[in-house]
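Participant: Would you be able to build a 3D model of this:
(chains A, B and C)
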Amino acid sequence: MRLTEVEAYDGADDPGSHAYRGRTERNAVMFGPPAHLYAYFIYGMHTNVNVVCHLEGRAGGVLLRAGEVVDGLELARRRRPGSNDRDLARGPGRLANALGFALSDGGLDVVDLLVPRTRCLPSSTISTGPRVGLRQAAERPWRFWITNEPTVSAYRPAKPKPELATLD
DNA sequence: CCCGTGATTCTCT
DNA sequence: GAGAATCACGGGC
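Facilitator: The predicted model follows:
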């Protein structure tokens, strides 16, 4: 998998992070050592995965939002029947599916699964913007993606909180 | 566009 | 401990 889109979450200082309100049973691995998987279940049907990034004791991680399947294409297709190749990992739930990650993989050490590119992309090819679906800290431009990559997911703003009726 | 779906967490008792 | 609100989404129309 070649990652094309990620989002950063900074624990204690980030109202958008699952770790913002401190350690709980669910988010415990985010407080542990880096390069481990924080997996969680969302919207009643989807699994998302993050890579823990800060040193032990300080929470934070990077949500893997989208990628291009460049290896094990047949396997990824089998894991996501009906998906076209571009969509195999286009979105965090789909990406977890395509890689075969499940909730039970939470805590897994992924240091050997993450292979840095041999050459860095020039920063001019990386775009940034607000994270998807957040009401809290929505203004922080902590979503990063490769510009013009077809495998990057569509941006969807958070559903605004219903306001009480206003005169107008 | 719209809505299913269920874990987690918050806010009261 | 119960009930409600929230939610880092995807698929279908």
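Participant: From now on I want contacts and neighbour counts done on CA atoms only, so please keep to that.
Facilitator: Fine.
Participant: Strands of chain A, start to end?
Facilitator: A:2-9, A:37-42, A:46-52, A:61-68, A:126-129, A:143-146 (DSSP state E).
Participant: Point out the most buried one among the ones you listed.
Facilitator: strand A:61-68 (a mean of 25; mean count of other CA atoms under 10 Å).
Participant: So A:Val152 versus DNA strand C, what's the distance?
Facilitator: A:Val152 sits at a distance of 10 Å from DNA strand C (criterion: CA to the nearest atom of the strand, to the nearest Å).
Participant: again, but for A:Asp85
Facilitator: Applying CA to the nearest atom of the strand to A:Asp85 and DNA strand C gives a distance of 12 Å.
Participant: and that residue, what is it in contact with?
Facilitator: By CA atoms under 8 Å, 6 or more residues apart in numbering, A:Asp85 lies in contact with A:69, A:77.
Participant: same question, A:Asp112
Facilitator: Taking CA under 8 Å, 6+ apart, we find A:Asp112 in contact with no residue.
Participant: Got the confidence number for it?
Facilitator: A:Asp112 carries a pLDDT value of 94.
Participant: Over to A:Arg119?
Facilitator: Here, the pLDDT recorded for A:Arg119 equals 78.
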